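K.L.:
Would you be able to build a 3D model of this:
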Amino acid sequence: ENIPRVLSTGQGLEIKEGSWEILPIFKCLEKWGGVPHREMFNIFNMGIGMVLVMDESDAPEAVRILESYGEKASVIGKVVNSEGVRII
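P.N.:
Next up is the predicted model:
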């Protein structure tokens, strides 16, 4: 719900599930709490802490910089020319 707020009208997101580390606690919450899979993203963000939106060509350098400071960083998706969030 939060990421689309930084996009222009007509843009959306395609997020590749599993391109970041999904901690086991989220799988337990989904299973034992009976939370629908899609709702896990809306409620818990599935462990995604912070998102940077940038040109695709800048992503490798951004990941390198963040990792040099001890952060875990991943490219989790891309901006697309259709509104909404699609998790693939």
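K.L.:
SS state for K72?
P.N.:
coil (DSSP: H, G, I helix; E, B strand; the rest coil).
K.L.:
Grab the nearest non-local neighbour of it.
P.N.:
Nearest residue to K72 in three dimensions, chain neighbours excluded: E21, at 6.8 Å (C-beta to C-beta, 6 or more residues apart in numbering). For glycine as for every other residue, the C-beta is placed from the backbone atoms N, C-alpha and C.
K.L.:
And the one you found, how far from A73?
P.N.:
Distance, E21 to A73, using C-beta to C-beta, to the nearest Å: 11 Å.
K.L.:
tally of neighbours for H37?
P.N.:
Per other C-beta atoms under 10 Å, the neighbour tally for H37 reads 10.
K.L.:
picking that back up, quick check: which element contains the residue nearest to K72?
P.N.:
Using DSSP states H and E, E21 sits within no helix or strand.
K.L.:
Could you pull out the strands in the protein for me?
P.N.:
12-15, 77-80, 84-87 (DSSP state E).
K.L.:
tell me the mean pLDDT over the last one?
P.N.:
So that's strand 84-87. Across strand 84-87, the average pLDDT comes to 86.
K.L.:
Understood, closing this out.
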